[in-house]
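Asks: sequence plus predicted model, see below.
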Amino acid sequence: MCGMKAERKSSRAVTLLNILAVLMAFVMLISLGRMVNELRRVFNRDPYSGIEYALQEGDYAGMIRDYYYRSYDVAPFASLHEEEYRVAQYADAAFQQQFFQAVGDREMAGRYAARMESAREACGSLTAAAEDVDRLLENIRLYP
Amino acid sequence: MKCKYCGGEVGLEENFCTYCGRPNDQAVRHTQDMVNFRRRFAATEADVVNKTRRNTQIVLCAVLILLLLIASVVMYAVTENAYSIPESMRRRAAERDPEHTTSILDGYLEEGDYRSFASYIDYNGIRTYGTAFEDYSDLYWCAECYGDFVLQMERLFLHTDQEKWIKNSASSDIQSLCQSLEYFLDDYERAQRDADTEPYLDHIEIMRQNMMDMLHVYLGIDESELDTFLTLSDNRKAAAIEEVLFDVRNES
């Protein structure tokens, strides 16, 4: 009698443990899926980038911030957002070119002018954004 | 052993004495004892086997659950820190070949591209302490603040929807601008005192001059006002800049 009672108790314990094991296996599979997804995302040369949203908002400084973070990828600009990054590169170069020209530093102004030119050529369908940057810079009042 | 009746030698397994033929009581008791013993042994053995089988199942289940739990925890930790894996790899690559890394960094310095210099160090997770790049430490911190300052300057002007900017982020951007200026000046003073930074003091001075020039060119804060401006608190600096920016916008 005691043996049968003990056997029923332990078979209940085994059942419960089996259920727990199935649940843990489920949790592990979810963790595995998340891990694979995340590793694929960080090793992909084009992880999530806020640069598209920044462009939609007309936030060129936000694009520049993203550009500086991403510009040292092993395959620079080999991504879905190449044109956006070129717009950011153009905006940054244009701002700095304007500054160095205003203070009379021709060498630095010339360097950034060259960057502007190469970035603008690569803007592709986003040339209008580069023109928008030019317009914003023209509206800045510069103190002599 | 000896027969209790005749004294003859009789084995424990023999139920009758081979000499006198009388029953060997000890052998009978022994045989019965052995039968009982074997019966109890078999029952115990069966009991142990059953219990072991049940416990083995329980133990195996428990071990499996433990392994699955450990695997889940490890995978969770990897997922949460996945972003740092490529940076660690880049840092190791940079530290394995310090000459190559140094040549790239020096190249940026020669071009006066301090933002790219700081960004390269950030992106590759290069440590500027306790490594071959220690001499760059103060220069890096200054360049980092300089980059932040220029970015905040760009924030003041390079956005299409000005109304939205004024409403949502003008104050915080101006505060960030003033903060990056203050941090730069702190790093600048520290760099002046650090002998290891001496080869790079010129670059730090260029950054400082650029920042002062930007304050003048874009915000009309000229040299005579600069010292007063720099001694203001962050909030007063921010208020002064806001006044200049919004006056210009109203005029335009």
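Replies: Arrived safely, thanks for sending. Numbering: from 1, shown residues only, chains lettered A, B, ... in the order given.
Asks: can you get me a residue count around residue B:206?
Replies: Applying other C-beta atoms under 10 Å in any protein chain shown, we find 16 residues neighbouring residue B:206. For the C-beta atoms, the positions are set from N, CA and C on the backbone; glycine is no exception.
Asks: might one say that it is in contact with residue B:112?
Replies: Yes: at 6.7 Å, residue B:206 and residue B:112 qualify as touching, with contact defined as C-beta atoms under 8 Å.
Asks: quick check, the residue in chain B closest to chain A?
Replies: Nearest to chain A, among the residues of chain B, is residue B:160, at 2.7 Å (C-beta to the nearest C-beta).
Asks: leaving out chain neighbours, which residue sits closest to that residue?
Replies: residue A:58 (2.7 Å; C-beta to C-beta, 6 or more residues apart in numbering or on different chains).
Asks: for stretch A:129-138, which positions count as buried?
Replies: By 16 or more other C-beta atoms under 10 Å in any protein chain shown, the buried positions in stretch A:129-138 come out as A:129-130, A:132-133, A:136-137.
Asks: chain center to stretch B:167-184: distance?
Replies: Chain-centre distance of stretch B:167-184: 29 Å, with C-alpha atoms, centre = their mean, to the nearest Å.
Asks: show me the contacts for residue B:78.
Replies: Each residue near residue B:78 by C-beta atoms under 8 Å, 6 or more residues apart in numbering or on different chains is listed here: A:35, A:38-39.
Asks: outline the domain layout of chain A.
Replies: Per the record, chain A has its domains at A:1-43, A:51-138, by automatic domain parsing.
Asks: quick check on residue B:159: phi, psi?
Replies: The phi and psi values for residue B:159, taken as degrees, to the nearest 10, are phi -150, psi 140.
Asks: correct me if wrong: it contacts residue B:168.
Replies: No: the pair residue B:159 / residue B:168 is not scored as a contact, 10.2 Å apart, by C-beta under 8 Å.
Asks: more neighbours: those two, which one.
Replies: Shown here are residue B:159 and residue B:168; by other C-beta under 10 Å, residue B:159 has more neighbours (22 against 11).
Asks: mind listing the residues bridging to that one?
Replies: residue A:59 (DSSP bridges).
Asks: the chain: helices as residue ranges?
Replies: Answering for chain A, as no chain was given. A:2-43, A:51-56, A:60-70, A:82-102, A:106-121, A:127-138 (DSSP state H).
Asks: that's the other chain; I wanted chain B
Replies: B:25-80, B:84-96, B:98-111, B:114-123, B:137-157, B:162-168, B:170-193, B:201-219, B:223-231, B:234-251.
Asks: make JSON lines from those helices and add distance to residue A:68 and mean pLDDT to it.
Replies: Supplementary listing: the helices of chain B in JSON lines, determined by distance: least, C-beta to C-beta, whole Å; pLDDT from 0 to 100:
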{"stretch": "helix B:25-80", "distance to residue A:68": "25", "mean pLDDT": "89"}
{"stretch": "helix B:84-96", "distance to residue A:68": "15", "mean pLDDT": "87"}
{"stretch": "helix B:98-111", "distance to residue A:68": "12", "mean pLDDT": "92"}
{"stretch": "helix B:114-123", "distance to residue A:68": "4", "mean pLDDT": "91"}
{"stretch": "helix B:137-157", "distance to residue A:68": "7", "mean pLDDT": "93"}
{"stretch": "helix B:162-168", "distance to residue A:68": "20", "mean pLDDT": "80"}
{"stretch": "helix B:170-193", "distance to residue A:68": "14", "mean pLDDT": "88"}
{"stretch": "helix B:201-219", "distance to residue A:68": "16", "mean pLDDT": "92"}
{"stretch": "helix B:223-231", "distance to residue A:68": "26", "mean pLDDT": "78"}
{"stretch": "helix B:234-251", "distance to residue A:68": "23", "mean pLDDT": "74"}
